[in-house]
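*Asks:* Whatever this is, show me its structure:
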Amino acid sequence: MNLITTELLSPRPRFRTATRVAIVGAGFSGTMLALNLLEQADVEVLLIERDRHRMGAGVAYSSSENSHLLNVRAGNMSAFPERPDHFCDWLAARGLGCDAAFVTRATYGRYLRETLSAALEKHGRRLKLVDDAVLDIEERGGQVTLGLVNGGLIEADRAVLAIGNLPPHDPPAIAGLSLPAWNYIGDPWASDFTEGLAPDSTVMVVGTGLTAVDVILRLTGQGHKGPIVALSRRGLRPHRHVDGLPRPKPVLAKPAPELSELVGWARGEATTRDWRLVVDSVRPITQMMWASADADKRARFLRHLRPFWDVHRHRLAPEVADRIDALVASGQLSFRAGKIVGVAVESDALAIQWRPRGEDAPAVTRVARMINCTGPQGDLLRSSDPLVKRMLAARRIRPDALRLGLDIDRDGHVIDAKGQPSEHILAIGPMTRGDLWEVVAVPDIRIQVSALARRLVNAHWMGGEGL
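*Replies:* Numbers count the residues shown, from 1 in each chain. Sure, this is the predicted structure:
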């Protein structure tokens with residue numbers, strides 16, 4: 001791929017009929033929106049990514065670890081909803097995997113990069129890859145102006161925020177503490193969390209979800225032999241996929257009156273059929289149930305039921321689950337339920353005080369390194385991202401009611417501090433979960449992206465109608 005840096009991308013002449021869309025972020029969401037726009041209309045697309053090494057793949061699919069596998073079978077990972085065999089055909093052409101396989105995330109990242117490269121060759125001047133970071137976005141005279149870190153400006157008809165997930169927040173008991181960088185890793189994807197770690201030392205992983213699994217696999221894959229304690233409030237870990245199950249029969253009407261009753265319904269159904277089929281059967285309507293619930297009901301779901309839903313909904317490839325089970329059986333890895341209440345810095349360790357779930361007396365675990373694996377977050381008010389901070393300060397965006405991400409309207413426009421939707425700034429991907437909830441996995445995002453691309457190209461922008 002030919003990357004370009006920009007000092008100035010001048011505005012397009014107003015008499016041109018082609019439109020210009022600037023997409024901020026070139027992970028899966030941003031890349032797929034660019035490809036959909038290029039295929040559907042005579043649109044000029046500027047795909048902007050601050051980390052050129054993640055262009056086309058983002059954080060999720062830039063991993064080079066062979067132990068990091070997709071959590072969805074290859075047969076359901078096509079980038080295009082209308083071309084379900086696209087990824088499998090790509091794999092077959094290279095002698096890789098099959099539609100039932102769980103391929104590595106590195107392989108999927110290669111697929112996305114090659115698909116983007118093919119689009120660059122096909123669409124030529126209509127697609128520009130901008131190797132820079134966006135510092136601010138303003139609406140001016142029916143267009144948007146994007147200010148870049150290098151000092152350049154980009155003007156476009158629409159700007160779409162595809163910024164992915166925000167880095168994890170520090171757990172409450174740690175927030176504000178100045179812990180030594182060699183003892184505490186706040187974001188496992190921002191640094192090498194194995195560097196300088198003695199192979200027999202004790203490690204605590206805060207969180208027991210998919211991020212924790214990734215970190216554990218990398219630690220052990222690089223030869224770590226010491227104890228690993230994975231701690232979360234409930235100690236729940238993701239379940240595994242099982243081969244040979246029939247396709248789930250979709251539920252097309254609400255199976256329970258309220259969102260808060262969905263998990264109870266699923267538990268009841270699972271007494272007569274495999275729970276995986278039960279959970280998968282409600283995939284077509286989870287966004288509908290979320291949309292019909294008010295803020296209080298959504299909050300109750302997140303507070304009481306989300307942990308149980310997540311470990312059943314987001315599963316591990318069988319090979320990954322086998323490795324985790326083996327580590328638990330060997331005694332090297334233990335999952336614990338509890339809450340951190342304090343951390344003390346010692347000469348060569350952290351003394352972590354935590355209260356086991358259901359007990360009053362705290363326990364103390366001394367570790368050489370603590371790694372925050374609570375997973376990606378969406379609270380804009382706690383973000384250190386320069387673009388997010390600047391747009392918040394300018395009151396051009398606001399958090400959704402539950403602080404899961406950006407507040408947007410039903411068409412994807414960001415909503416400002418006064419409650420007004422923007423005319424020219426939109427958002428896609430995981431940061432729209434406050435409106436859609438189920439929008440973190442490829443099958444969900446590709447549908448959202450395809451729909452947004454259709455709305456964008458069908459809007460009468462030059463006449464001021466539509467989006």
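*Asks:* Check whether Asp435 really touches Val414, as I assumed.
*Replies:* No. Checked against CB atoms under 8 Å, the pair Asp435 and Val414 is beyond contact range at 10.7 Å. Bear in mind the C-beta positions are built from the backbone N, C-alpha and C, glycine included.
*Asks:* Show me whatever sits in contact with both of the two.
*Replies:* The contact sets of Asp435 and Val414 overlap at Asp407, Ile408 (CB atoms under 8 Å, 6 or more residues apart in numbering).
*Asks:* These two: which is more packed in?
*Replies:* Remark: of Asp435 and Val414, Val414 carries more neighbours, 25 against 21, as counted by other CB atoms under 10 Å.
*Asks:* just for this protein, where's the confidence low?
*Replies:* Low-confidence segments of the chain, defined by pLDDT under 70: 1-18, 99, 459-467.
*Asks:* Okay, domains of it per the record?
*Replies:* Per automatic domain parsing, the domain ranges recorded for the chain read 19-167+378-458, 184-238+315-372, 259-313.
*Asks:* Tell me which of these sits nearest to Leu177.
*Replies:* domain 184-238+315-372 (6.3 Å; CB to CB).
*Asks:* buried ones in the longest strand along the chain?
*Replies:* Counting residues, the longest strand found in the chain (DSSP state E) is strand 333-345. Within strand 333-345, the residues that count as buried by 16 or more other CB atoms under 10 Å are Leu333, Phe335, Arg336, Ala337, Gly338, Ile340, Val343.
*Asks:* Could you pull up the residues touching Lys249?
*Replies:* Contacts for Lys249 (CB under 8 Å, 6+ apart) come out as Leu277, Ser281.
*Asks:* Which stretches in the stretch 51-200 of the chain count as helices?
*Replies:* With DSSP state H, counting those that start in this stretch as the criterion, the stretch 51-200 of the chain has helices at 86-93, 105-123.
*Asks:* Need the residues that contact the longest one.
*Replies:* Around helix 105-123, the neighbours that count as contacts under CB under 8 Å, 6+ apart are 1-2, 26, 28, 31, 34-35, 38, 55-57, 60-66, 68-70, 77, 79, 87, 90-91, 96-97, 127, 129.
*Asks:* again, only this time at 6 Å
*Replies:* 1, 31, 35, 38, 56-57, 61-64, 68, 70, 90, 127 (CB atoms under 6 Å, 6 or more residues apart in numbering).
*Asks:* Now, of these, which are buried?
*Replies:* Buried among those by 16+ other CB under 10 Å: Thr31, Leu35, Leu38, Gly56, Ala57, Tyr61, Ser62, Ser63, His68, Leu70, Trp90, Leu127.
*Asks:* and of those residues, the nearest to Gly196?
*Replies:* Checking the buried ones among the contacts of helix 105-123 against Gly196 with CB to CB, the nearest one is Ser63 at 21.0 Å.
*Asks:* so how far does stretch 248-262 reach from one end to the other?
*Replies:* 17 Å (CA to CA, to the nearest Å).
*Asks:* what does stretch 81-94 give?
*Replies:* So stretch 81-94: terminal residues 22 Å apart, CA to CA.
*Asks:* deepest of the domains of the chain, which one?
*Replies:* Greatest average neighbour count among the domains of the chain goes to domain 19-167+378-458 (a mean of 19), per mean count of other CB atoms under 10 Å.
*Asks:* Start and end of that one, how far apart?
*Replies:* Domain 19-167+378-458 has an end-to-end distance of 11 Å (CA to CA).
*Asks:* now do stretch 371-384
*Replies:* 19 Å.
*Asks:* hmm, who's touching that stretch?
*Replies:* With CB under 6 Å, 6+ apart, stretch 371-384 has contacts from 165-166, 168-169, 185-186, 188, 193, 205-207, 209, 211-212, 215, 388, 392, 399, 403-405.
*Asks:* At which residues are the strands of the stretch 1-150 of the chain located?
*Replies:* 19-24, 43-49, 127-131, 134-140, 143-148 (DSSP state E, counting those that start in this stretch).
*Asks:* Nearest to His224, out of those?
*Replies:* Comparing those under CB to CB, the one sitting nearest is strand 43-49, at 32.1 Å.
*Asks:* now the closest one and strand 134-140, what's the angle there?
*Replies:* Between the axes of strand 43-49 and strand 134-140, defined by axes from the mean of the first three to the mean of the last three CA atoms, to 10 degrees, the angle is 150 degrees.
*Asks:* And Arg306, how far from Ala291?
*Replies:* 17 Å (CB to CB, to the nearest Å).
*Asks:* Repeat that for Met204.
*Replies:* 38 Å.
*Asks:* Could you find the closest non-adjacent residue to Ala190?
*Replies:* Pro167 (6.7 Å; CB to CB, 6 or more residues apart in numbering).
*Asks:* Dump stretch 342-352 to CSV, keeping only the CA atoms.
*Replies:* Once non-C-alpha atoms are left out, stretch 342-352 reads as follows in CSV (Å, rounded to 0.1, in the frame of the first residue of the first chain):
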residue,chain,number,x,y,z
GLY,A,342,-5.5,-1.5,47.8
VAL,A,343,-2.0,-1.7,46.4
ALA,A,344,1.3,-1.2,48.2
VAL,A,345,4.6,-0.7,46.5
GLU,A,346,7.4,-2.9,47.9
SER,A,347,11.1,-3.0,46.9
ASP,A,348,10.6,-5.6,44.2
ALA,A,349,6.9,-6.3,44.0
LEU,A,350,3.4,-5.0,44.4
ALA,A,351,1.4,-6.2,47.4
ILE,A,352,-2.2,-6.4,46.1
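*Asks:* so who does Ala212 touch?
*Replies:* Under the criterion of CB under 6 Å, 6+ apart, the neighbours of Ala212 are Val205, Ala230, Cys373.
*Asks:* Now do the contacts for Thr194.
*Replies:* Gln222.
*Asks:* if I look at it, how far off is Pro168?
*Replies:* From Thr194 to Pro168 the distance is 18 Å (CB to CB).
*Asks:* Same check on Pro238?
*Replies:* Relative to Pro168, Pro238 is positioned 17 Å away (CB to CB).
*Asks:* Assumed Val320 was part of a helix.
*Replies:* Yes. Judged by DSSP: H, G, I helix; E, B strand; the rest coil, Val320 forms part of a helix.
*Asks:* looking at the sheet around the nearest residue to it once chain neighbours are set aside, what are its partners?
*Replies:* Spatially, and ignoring its direct neighbours in sequence, Val320 is nearest to Leu69 (5.6 Å; CB to CB, 6+ apart). For Leu69, the beta-bridge partners under DSSP bridges are Thr104.
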